[in-house]
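sequence and predicted structure, then a few things I'm wondering about:
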Amino acid sequence: MTSRERMNRAMRPRAAQLPDRVPVMCQLSLGHYFLRADAGAIEIWHDTAAFGDALLALQQRYGFDGILVNLPGRDPAWRHHLLSVEQRGGHAALHWANGAVTTAPPDDNPYVHSAGGGPAPRPAFADIDPGRLYYVEPHGQFGATLVEAGGFPAWQFDTIRYVRERAPDVSVHGEVFSPFSQWLEWLDHGDALIALVEDPVRVTACLARLADGAADLGRGQAAAGVDALLISSAFAGAGFISRKQYQTFVLPFERAVVNGVKQAHPDLPVYTHTCGAIGDRLDLIEETGTDGIDTLDPPPLGTVDLADAKQRLGLRLFIKGNLDPVGTLLNGSAESCFAAALERIAAAKPGGGYILSSACSVAPHTPAENILQLRRAAEAAGWYSY
């Protein structure tokens, strides 16, 4: 069974067709790609082929069954707008024709500064016109970028096409940001959260518009060839908002994204990535119509016990994650990582519908030997009998 076939079965537990074994697929932090791939931070962040090659290289190195394409394709002419590059104490500083300066650490996302030297400006809630919203791309070349209606450039989907063409037997996943995540990425966090209390009607009008854009982007990624679509909903855990706020500001708009994609691509798995304390809202996440839940952070990072989640969700949804990316993968030994992976397989393997993964992104400096233990565990204990 190819990796693509294995993942396709794992993501469809209701079909009652088991894969040959539990698949393995981690989301790697961008800093990990910067450190472990050949091209380095500047090229990987700004260049479609460089990022595509990094995705492919580390999927092969770690034996993953899937690849998450978590940066958009880039403008092929990006180098034409670059004036100079200088080194500042181990960080590269890129100076652009529009006056912006990008600081690129070797192990973290780049930071964009305005022409005046300060952080890129964020709009105030009071100045936002809901009717002008469409989609906020958090990973734009110059930081969070508001995309106008119908305005996704053709190269937005180039990385997906690049990876799809070169990895026909690997499960390729796209990513869109949930309306609520876009909201938090676009505004100052304090301003965005206060607005939930002071003007919820206007906030929901904004979120409805952002849902339209996310659904359009998801349909575009499906057309470009992804096997599944991840909705990144990183700000929807109990550390940020209550269950009631989730029901008001997250659930209906993520449901709109799922429905908008499914109307055009009914067989495409759409799943939800939510970090942190989500043990109290697994039922609400399921109400969005999602096909699966990703991260399932265990204590102390989150509040999810994997065996409990498996029992509560049954085989209605697939589940992915739960291996502590900090305490275990980053700071543990290879043998402790192997043992933790075996524990996750034992808890969630029965009946299918489980993908072995770190709970959230693999940290930049995580030892390669620790990551390799996930594939080792799957090969040792992940097989299904027919």
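Thanks, I have it. Numbers count the residues shown, from 1 in each chain.

how about the nearest residue to residue 86 once chain neighbours are set aside, secondary structure?
Once flanking residues are discounted, residue 86 sits nearest to residue 93: 5.0 Å by CB to CB, 6 or more residues apart in numbering. Every residue, glycine included, has its C-beta placed from N, CA and C. On the three-state scheme (DSSP: H, G, I helix; E, B strand; the rest coil), residue 93 is labelled strand.

for the closest residue to residue 351 other than its chain neighbours, pull up the helix or strand it's in.
Nearest residue to residue 351 in three dimensions, chain neighbours excluded: residue 315, at 5.3 Å (CB to CB, 6+ apart). According to DSSP states H and E, residue 315 maps onto no helix or strand at all.

thought residue 315 was touching residue 352?
Yes: at 7.0 Å, residue 315 counts as touching residue 352 under the criterion of CB atoms under 8 Å.

now for the two: what residues contact both?
Residues touching both residue 315 and residue 352 (CB atoms under 8 Å, 6 or more residues apart in numbering): 13, 16.

who's more crowded, these two?
A side-by-side neighbour count of residue 315 and residue 352, using other CB atoms under 10 Å, places residue 352 first with 21 against 15.

could you check how far the residue nearest to that one when sequence neighbours are not counted is from residue 384?
What sits nearest to residue 352 in space, not counting adjacent residues and going by CB to CB, 6+ apart, is residue 18, at 4.6 Å. Separation of residue 18 from residue 384 (CB to CB, to the nearest Å) stands at 4 Å.

when the two are compared, which one has more neighbours?
Taking neighbours as other CB under 10 Å, residue 18 and residue 384 compare with residue 18 leading, 19 against 14.

what helix or strand is the more buried one located in?
Short version, using DSSP H and E: residue 18 is in no helix or strand.

if I look at it, how far off is residue 200?
45 Å.

dump the residue contacts of the most centrally placed residue in the chain.
What sits nearest the mean C-alpha location of the chain, by CA atoms, centre = their mean, is residue 232, with 5.0 Å. Shown in contact with residue 232 (CB under 8 Å, 6+ apart): 70, 175-178, 181, 273.

switch the cut-off to 7 Å
175, 177-178, 181, 273 (CB atoms under 7 Å, 6 or more residues apart in numbering).

residue 370 contacts residue 337, correct?
Yes: proximity of residue 370 to residue 337 meets the contact threshold set by CB atoms under 7 Å, at 4.5 Å.

which neighbours do those two share?
residue 329.

circling back: test my guess that the residue nearest to residue 352 contacts residue 6.
No: with contact defined as CB under 7 Å, residue 18 does not count as touching residue 6 (9.8 Å).

related to what we said a few turns ago, using TSV, lay out the contacts of residue 232 together with distance to residue 265.
Below are the contacts of residue 232 laid out as TSV (distance: CB to CB, whole Å):
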residue	distance to residue 265
175	15
177	18
178	18
181	21
273	19
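
nearest to residue 247 among those residues?
Within the contacts of residue 232, the smallest distance to residue 247 is 14.3 Å, found for residue 178 (CB to CB).

can you count the residues close to that closest one?
Residue 178, neighbours per other CB under 10 Å, totals 26.

have a look at this protein and report its longest helix.
helix 200-224 (DSSP state H).

pull the residues that contact that one.
128, 130, 133-136, 147, 152, 156-157, 160-161, 174, 176-180, 182-183, 195-196, 229, 248-249, 253, 256-257, 260-261, 264-265, 268.

which among those count as buried?
Taking 16 or more other CB atoms under 10 Å as the criterion, what is buried in the contacts of helix 200-224 is 128, 133-136, 147, 152, 156-157, 160-161, 174, 176-180, 182-183, 195-196, 229, 248-249, 253, 256-257, 260-261, 265, 268.
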